[in-house]
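> Sequence first, predicted model second:
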Amino acid sequence: MTKTVAIIGGGVAGLETAKQLNSLGYSVKLFEKTNTLGGHVAKWDRLFPNKRHASEVVSSLTLSQGNTQTLTETTVHSIKRENQGFVISANSSNHEADAVVLATGFELFPAEKKEEYGYGLFENVITSADLEQMFKKHGKPVMASGHKPVRIAFIHCVGSRDEKVNRPYCSKVCCVTAVKQAIEVKEALPNSEVFCFYMDLRTFGPGYEDLYKEAQSKGVTFIRGRLSESSEIEGGRVLIKAEDTLASTPLKMSVDIVVLMVGMSPLRSTNKLATDLGLSINADGFIAATDLHTNPTGTATNGVFVAGACTGPNNITDTVNAAKATALDVHNYLSR
Amino acid sequence: MNYYHHFVIPFTAGLLFLVIVVAAKWIGWIKNLDAEQKGLIKRNIFGKASLHATWEVITESLLHRRIFQKNFLLGYMHMSLAFGWFLLIVMGNLETRFFTHGQMNPPYVPIFFEFFEHDLSTLRYKEIFTFVMDFLLLFVLSGVALAYMKRATSKPLGMKKATKHAFIDKLALTSLWLIFPLRLAAESVTAGLYDSGGFFTRWLGEAIVSLPGADMLYYPLWWAYSISLGLFFISVPFTRYMHIPTETLLIFLRKYGIREKNEHTSYTQVELNACSRCGICIDSCQLSSELGISNSQSTYFLKSLRDKKTTDYLTETCMLCGRCDFACPVGIENSTIRLNQRRETPASAINFGYVPTIEASKGKIAFFAGCMGQLTPSVTKATLTLFNAAGVEYTHIDKDATICCGRPLQVNGEESAAKELAQKNKQLIEGTGAQALVTTCPICARIFAESYGLSIPVYHHTQFLYQLAASGQLKLTPTSNLITYHDPCELGRGLGIYEEPRELLKFAGNLVEVKSSKTDSLCCGGSLAITSINQQQRSQIAIKTLESIGANDVDFVATACPLCKKTFTAASDENAILDVSEILVKACTNSRQSLKPEQKQRTKETSTVN
């Protein structure tokens, strides 16, 4: 009899795991709480480091699903072990599975928590995700009033490496996202002034450093220093205060749009599912790996596997790799 | 009648020593008070204050009312030891006086009366006296038994942690614990041998003397009893038992109106010596209960200061939340003493050259958001929205730039740096010509009210908004929201403002009252007065505090301090934490059109505030 695998989460991790398990001949059920597949990537316009359209990645993943049964708008409430398998209760119906993969991803850091930056209060303070939406809709950033912005500031590490909001870890992808978005703004509005306020630039992946150099050559100004606060001034513009730590001077600047590079936060709903299944949560709030080096996708509970950003901030490449590894783990487990 | 035996010497010598030392200390302390403090004594000593003080000595030093309020058994233990011993002394003296027909006797006679007189047949009310004396001894012994138990396990007495005492304190404790068992043994053996004593000593004595050789214990027991008394008396000035005579003096001085000032005075010495090191402050401290830091609480800090051996660690490891000030059964001003100790060692001068110059803008009400207001723009926005709705004519004096009020420096002992900033702000405030100063930050409000010496009244925004709501100028319609309220330390214990925020919240929704509130409320953990705990530890404290106010059972957690708001928001992703003003905005029913702070201010409101 064909064995069934339940995958929770229809983002990159879930789609890739489903694709692999499908081609290995398993019956795959993919649970997605929203009405679209592709997770956060589906809401993105273009991707670093090569500015490829995100929709290409999402459609390549969704088109290769084969016989995967995808259940969108289906929220998983609980997963219980029964006999040799699991019972997944979702949207008031029960589903049986022989193995479970948690690919629930992350949530963007709720920027309202960093109240001093004014997100949700000042109309021209937006997040990196909001900017992607603008690129999708208008191909360029637009002020709330509809005016063309002249000066734009990117604020790195919002909800990352910040103990004051209980997020002490690095979210890995925001530095290069800011660099990518800064270049895109420069390309869309060549006369605009673009500033990046950073602590360190962590451009760790292939092509990332080149992107950083490209931004510099295109005139993006990088200022080492964290934003302290912002306030709204005439015309909905934003006055930001920071310290230029290389020049050792406090700095005030009025800008048209502030873009907050929001980090990746653990999902509270995931943590409930995970702890109910006997999985442990690490100090940052993500699902803890059994062995960080040799078994990053396994868990302490037989038949339960993890993939992608529910284990910590990840880019698409690493998430796809993790998903492939998870699929192999599931296969080994089910063919014991 | 001439009573004497050599064994009375240890007791008498000890007592004499104690009386001389205590008298010398009292005289020294009083002599060293400053002129103002001495003036308070002169003005009040022959008035009601002395009567009130006497009453407090009875209720606190003897009956230990406040400890009873904490835990019955703990109160009983202290009361039986103090009040029981006191009654034993009084009754012993009465018994001796009655027997010797009013004769003046040396102080040891009533103490060792059972030794000197075996035949009490000529004593009036003999039956009553012998019964009462035995009864009182048992009463004291029941307290001693509880004290033994407390050393083994302090939980039943309502204390999670007991103070770790120094060696000399343990020695004094041992002699204190021996006094009453030895008295019982000595009196019982005497009663058994001479057919004297009361209902208990007689019965016990007969049982003891029936054992072979028990009569040989007679003299050694009286000697031992006297020595234990003498040892205890001699130890008092060097140990925590100095609190017994000192607390009495403290109560009188306090009733005369003497308080800690902003530097140590001779009165501080009285407070330091009045600490009994009971350890109640340890349990009240969240550094202990949440973070396991149990060696810096007031009991240890005051002892180190009394021994002139205090350290930076002890001085600085404290949130100055003020909880132990309210928990302390002796009422010692722990936080003020600690703050004054911080003032003794200021850091080198700070250069405030970078501080901006702000032009004062005119207005009837000067509104100050402070640094924390800059970090919580939604609190500022909500407050100004309400001002506009109520038609308040205000000027937001630190809209574009703010100067720190100085309180964060002050709580860390940097008094002169704080004064420098205060001077700049004072100029700014006075330049507005405003009739009142309103701030959303209790930290600022406290230093404005206590140290700035402003000629206009200072209001926390909850006080000011309450006036507006009570007068109907601010129209609020209650929502169905369930709200719990967290008392900020600086606003509650600091400034005594508990009711206005609560009344306001009742205008806006359903306020749920919780057990640990007002003076008993917990600190959010965000305290500026401590720098040695990290963000994670602060969050640990915050989570417990949210739990204590039932945060998970309500729609909104309200607080009235931007720092509390930020600390809670960082610690919890589960709860909606809002300032009182933000909750009021949801309930505000003044014309919707007026709910835009910027525009309204530009059109210049003319109505005024009552």
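Arrived safely.
> How about the secondary structure of the residue positioned nearest the centre of chain B?
Within chain B, the residue whose C-alpha comes closest to the C-alpha centroid is residue B:325; the distance, by Cα atoms, centre = their mean, is 2.2 Å. The local conformation at residue B:325, judged by DSSP: H, G, I helix; E, B strand; the rest coil, is helix.
> Please report the distance of it from residue B:317.
The span separating residue B:325 from residue B:317 equals 16 Å under the rule Cβ to Cβ, to the nearest Å. (C-beta placed from N, C-alpha, C; glycine too.)
> got it, and residue B:444?
When distances are taken as Cβ to Cβ, residue B:444 and residue B:317 turn out to be 25 Å apart.
> Looking at these two, which has the bigger crowd around it?
Comparing residue B:444 with residue B:317 by other Cβ atoms under 10 Å in any protein chain shown, the one with more neighbours is residue B:444, at 30 against 21.
> and chain A, which residues reach chain B?
Residues of chain A found near chain B (Cβ under 8 Å from any Cβ of the partner chain) are A:110, A:113, A:115-116, A:118, A:120-122, A:163-166, A:168, A:229-232, A:239, A:250, A:265, A:268.
> Within the helices and strands, which one has residue B:511?
Assigned by DSSP states H and E, residue B:511 belongs to strand B:510-512.
> What strands flank that strand, and is each parallel or antiparallel?
strand B:482-486 (parallel) (DSSP bridges).
> Distance check, residue B:549 against chain A.
19 Å (Cβ to the nearest Cβ, to the nearest Å).
> Quick one: neighbours of that residue, just the number.
Quick note: residue B:549 (other Cβ under 10 Å) scores 26 neighbours.
> Also the one 3 residues further on?
Per other Cβ under 10 Å, the neighbour tally for residue B:552 reads 12.
> now it: how far from residue A:238?
When residue B:552 is compared with residue A:238 (using Cβ to Cβ), they lie 35 Å apart.
> For chain B, what is the nearest residue in the stretch 151-300 of chain A?
residue A:163 (3.8 Å; Cβ to the nearest Cβ).
> low-confidence ranges in the stretch 1-150 of chain B?
B:1 (pLDDT under 70).
> For it, which residue gets nearest to chain A?
Nearest to chain A in the stretch 1-150 of chain B, going by Cβ to the nearest Cβ, is residue B:70, at a distance of 34.6 Å.
> got the contact list for that residue?
Neighbouring residues of residue B:70 by Cβ atoms under 8 Å, 6 or more residues apart in numbering or on different chains: B:158, B:280, B:327, B:329.
> which parts of the helix or strand bottoming out on mean pLDDT in chain A are buried?
Among the helices and strands of chain A, helix A:268-276 carries the lowest confidence by mean pLDDT, DSSP states H and E, at a mean of 91. The neighbour-count check on helix A:268-276 (16 or more other Cβ atoms under 10 Å in any protein chain shown) flags A:270, A:271, A:273, A:274 as buried.
> Against residue A:324, how distant is the third one?
Read it as residue A:273. 23 Å.
> about what we covered before: among the residues of chain A next to chain B, which are in helices?
residue A:268 (DSSP state H).
> Filter the residues of chain A next to chain B down to the buried ones.
Those of the residues of chain A next to chain B that meet the buried threshold are A:110, A:113, A:115-116, A:118, A:121-122, A:164-166, A:229-232, A:239, A:265, by 16+ other Cβ under 10 Å.
> Can you name the residues that contact residue A:166?
The neighbours of residue A:166, taking Cβ under 8 Å, 6+ apart as the test, are B:535, B:536, B:539, B:570, B:571.
> just so I have it, where are all the helices in the stretch 151-300 of chain B?
Remark: helices of the stretch 151-300 of chain B, listed N- to C-terminal, are B:167-194, B:199-209, B:218-235, B:243-255, B:266-274, B:280-284, B:286-291, B:298-306; assignment by DSSP state H, counting those that start in this stretch.
> Could you pull up the mean pLDDT of the helix or strand just after the strand holding residue B:511?
With elements assigned by DSSP H and E, the helix or strand that comes after strand B:510-512 is helix B:535-548. Here the mean pLDDT over helix B:535-548 is 96, rounded to a whole number.
> cool, stretch B:169-186 as well?
Regarding stretch B:169-186, the rounded mean pLDDT is 92.
> Equivalent analysis for stretch A:155-162, please.
Looking at stretch A:155-162 alone, the average pLDDT works out to 96.
> Dump it to CSV, restricted to CA.
The C-alpha coordinates for stretch A:155-162 follow below in CSV (Å, rounded to 0.1, in the frame of the first residue of the first chain):
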residue,chain,number,x,y,z
ILE,A,155,16.9,50.4,7.9
HIS,A,156,18.7,47.1,8.4
CYS,A,157,18.2,44.7,11.3
VAL,A,158,14.6,45.5,12.3
GLY,A,159,13.7,42.7,14.6
SER,A,160,17.1,41.0,14.0
ARG,A,161,20.2,41.2,16.3
ASP,A,162,18.1,43.3,18.6
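> and whatever helix or strand residue B:387 lives in, what other elements does it pack with?
Secondary-structure element containing residue B:387, defined by DSSP H and E: helix B:377-390. Helices and strands touching helix B:377-390, by 3 or more Cβ pairs under 8 Å, 6 or more residues apart in numbering or on different chains; DSSP states H and E, are strand A:227-232, strand B:365-368, helix B:370-375, strand B:394-396, helix B:461-470, strand B:577-579, helix B:580-587, helix B:597-602.
> Buried residues of the fifth one, list them for me.
If you call a residue buried by 16+ other Cβ under 10 Å, then helix B:461-470 has these buried ones: B:461, B:462, B:463, B:464, B:465, B:466, B:467, B:468, B:469.
> Now the third one. Nearest residue, chain neighbours left out?
Setting aside the residues directly before and after it, residue B:463 is nearest to residue B:500 in space (Cβ to Cβ, 6 or more residues apart in numbering or on different chains), at 4.9 Å.
> secondary structure class for the one you found?
Strictly by three-state DSSP, residue B:500 counts as helix.
> same question, residue A:284
Assignment for residue A:284 (three-state DSSP): coil.
> hang on, it packs against residue A:168?
Yes - proximity of residue A:284 to residue A:168 meets the contact threshold set by Cβ atoms under 8 Å, at 7.1 Å.
> ok, residue B:295 - how many residues close by?
15.
> which residues touch it?
When contacts are counted by Cβ under 8 Å, 6+ apart, residue B:295 is found next to residue B:164.
> what about it, distance to chain A?
In this view, residue B:295 and chain A are 25 Å apart by Cβ to the nearest Cβ.
> Same check on residue B:439?
If you measure residue B:439 against chain A using Cβ to the nearest Cβ, the figure is 17 Å.
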